[in-house]
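Colleague: return atomic coordinates for the entry below.
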Amino acid sequence: MDMTTNYMGLKLKNPIVPSASPLSKNLDGIKKLEDAGASAIVLYSLFEEQLTFEQEELAYFLDRGTDSFAEALDYFPEHDDYNMGPDEYLEHIRHAKEATNIPIIASLNGVSSGGWINFSKKMQEAGADALELNVYFLATDANQESRQVENQYRVILNAVKSNVSIPVALKLSPFFSSIARMAKELDDDGADALVLFNRFYQPDLDLENLEVTPGVVLSTSNDLRLPLRWVAILYGRINASLAGTTGVHTAMDALKMIAAGADVAQMCAALLKNGPDYLKTVLRGMEIWLEEKEYESLGILKGSMSQKSVAEPAVFERANYMKALNDFRDYVL
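Modeller: So this is what the prediction gives:
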């Protein structure tokens, strides 16, 4: 079975790409992912805050004041457990390239152009085959207009694109008033890929201790539907590659994402739950399904269920909402 795909100019042996996670924080994890069949790997993210401060300064600000009240002691990670610093990250890229035969995609997580511009060039020089910009920005200022928020993404993209020659992917939030328009503008600005979507981790409330608590809740296959819908809508309407992420847990999840029009399906939670070898199960499941349905290649499936390809394009819009409610009412009755 021909499972190859092209993602922002990178020819990959299959469409499964592990997204940024602790699994790629060390060489052992990276090698295990490659051995299990990963076609490329997005490295664990380097945060903008780590470019703003040297490690000692970062540790100081993380620890500052934590001895003043007990509940603060476990809010921030210990410095030794915190993400690797800028210099170590560049070394990590070099070592990952030396140890593997698949594309290594470096990841930057932040909210402003700042140090991203120069550091993205250093990532390219360290051997990264591509960059993924994870713009983690929550617009909480009521005086900030939506256009200012949108332009922040465009400024970051253009700043990085002007300083590197390797492909640049932008990981988007689903919280734009017009996702289609935003995608088109970023495509016009030269984004090589759009990754749909960034999954914001929401805080919780501990009512017993009256604390706001951070935490990670891993996705399930039910979370697939949001990126699936927008991949299907954008397919064929922009030139940038499309990566679907969040909710890709099984072979069928990955196949759905490809049918919607994605070039790759990024996986994280399923690999954290089941380990790197789970990739083999997913890839074999995809091959078996394609063979049973008599597909000659994965490329034939790609985009076959996108909005522009299905008989009723409206099912991706309001019609789906009305039909879903009507079906649920019939089920209850």
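Colleague: contact partners for the closest residue to residue 14 other than its chain neighbours?
Modeller: Sequence neighbours aside, residue 3 is the residue nearest to residue 14 in space, at 4.1 Å (criterion: C-beta to C-beta, 6 or more residues apart in numbering). For every residue, glycine as well, the C-beta is placed using N, CA and C. Residues in contact with residue 3, defined by C-beta atoms under 8 Å, 6 or more residues apart in numbering, are 13, 14, 15, 283, 286, 287, 297, 298.
Colleague: contacting residues for the first one?
Modeller: To tie it back to what came earlier, the one meant is residue 13. 3, 4, 39, 102.
Colleague: filter these down to the ones in helices?
Modeller: In helices, defined here by DSSP state H, there are no members of the contacts of residue 13.
Colleague: as a markdown table, these with pLDDT would be great.
Modeller: Output for those, formatted as a markdown table (pLDDT from 0 to 100):
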| residue | pLDDT |
| --- | --- |
| 3 | 98 |
| 4 | 98 |
| 39 | 98 |
| 102 | 98 |
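Colleague: filter these down to the buried ones.
Modeller: The neighbour-count test (16 or more other C-beta atoms under 10 Å) applied to the contacts of residue 13 identifies 3, 39, 102 as buried.
Colleague: turn the residues you listed into a markdown table, columns for distance to residue 154.
Modeller: Output for the buried ones among the contacts of residue 13, formatted as a markdown table (distance: C-beta to C-beta, whole Å):
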| residue | distance to residue 154 |
| --- | --- |
| 3 | 34 |
| 39 | 29 |
| 102 | 30 |
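Colleague: quick one, strands of the stretch 101-250 of the chain?
Modeller: Under the criterion DSSP state E, counting those that start in this stretch, the stretch 101-250 of the chain contains strands at 104-110, 130-135, 168-172, 193-196, 204-206, 211-213, 241-244.
Colleague: show me how far the third one is from its chain's centre.
Modeller: Right, the one you point to is strand 168-172. 8 Å (C-alpha atoms, centre = their mean, to the nearest Å).
Colleague: still on that earlier bit, any idea how far the residue nearest to residue 14 is from residue 307?
Modeller: Going from residue 3 to residue 307 by C-beta to C-beta, to the nearest Å gives 24 Å.
Colleague: output the below-cut-off pLDDT ranges for the stretch 201-333 of the chain.
Modeller: 318-333 (pLDDT under 70).
Colleague: OK, contacts around the nearest residue to residue 313 once chain neighbours are set aside?
Modeller: The shortest distance from residue 313 to any non-neighbouring residue, by C-beta to C-beta, 6+ apart, is to residue 307 (4.8 Å). Shown in contact with residue 307 (C-beta under 8 Å, 6+ apart): 232, 233, 235, 313, 316.
Colleague: quick one, what contacts the third one?
Modeller: Each residue near residue 235 by C-beta under 8 Å, 6+ apart is listed here: 242, 260, 261, 262, 303, 306, 307, 308.
Colleague: now the last one
Modeller: For residue 316, the contacting residues are 229, 232, 233, 307, 310, taking C-beta under 8 Å, 6+ apart as the criterion.
Colleague: and the residue nearest to residue 14, how far is that from residue 45?
Modeller: Per C-beta to C-beta, residue 3 is found 27 Å from residue 45.
Colleague: repeat that for residue 85.
Modeller: Applying C-beta to C-beta to residue 85 and residue 45 gives a distance of 13 Å.
Colleague: between the two, which has more neighbouring residues?
Modeller: Between residue 85 and residue 45, residue 45 has the larger neighbour count (other C-beta atoms under 10 Å), namely 24 against 17.
Colleague: contact partners for the more buried one?
Modeller: 20, 83, 107, 108, 109, 134.
Colleague: phi, psi of it?
Modeller: phi -70, psi 140 (degrees, to the nearest 10).
Colleague: report how many residues lie close to residue 105.
Modeller: Neighbours around residue 105, by other C-beta under 10 Å: 30.
Colleague: can you check the pLDDT for it?
Modeller: Among the per-residue scores, residue 105 holds a pLDDT of 98.
Colleague: my read is that it contacts residue 134, right?
Modeller: No - the criterion here is C-beta atoms under 8 Å, and residue 105 misses it with residue 134 at 11.1 Å.
Colleague: neighbours of residue 168, just the number please.
Modeller: 27.
Colleague: so the residue nearest to residue 313: helix, strand or coil?
Modeller: coil (DSSP: H, G, I helix; E, B strand; the rest coil).
Colleague: got phi/psi on it?
Modeller: Note on residue 307: its backbone torsions stand at phi -60, psi -40 [degrees, to the nearest 10].
Colleague: that one and residue 184, how far apart?
Modeller: From residue 307 across to residue 184, the span is 15 Å (C-beta to C-beta).
Colleague: do the same with residue 215
Modeller: Using C-beta to C-beta, residue 215 is found at 35 Å from residue 184.
Colleague: neighbour count: those two, which is higher?
Modeller: residue 184 (16 against 8).
Colleague: which ones are touching the more buried one?
Modeller: Counting by C-beta under 8 Å, 6+ apart, residue 184 has contacts 237, 238.
Colleague: which pLDDT value goes with it?
Modeller: At residue 184, pLDDT is 97.
Colleague: can you pull out the helices in the stretch 101-250 of the chain?
Modeller: 116-126, 146-161, 179-188, 225-234 (DSSP state H, counting those that start in this stretch).
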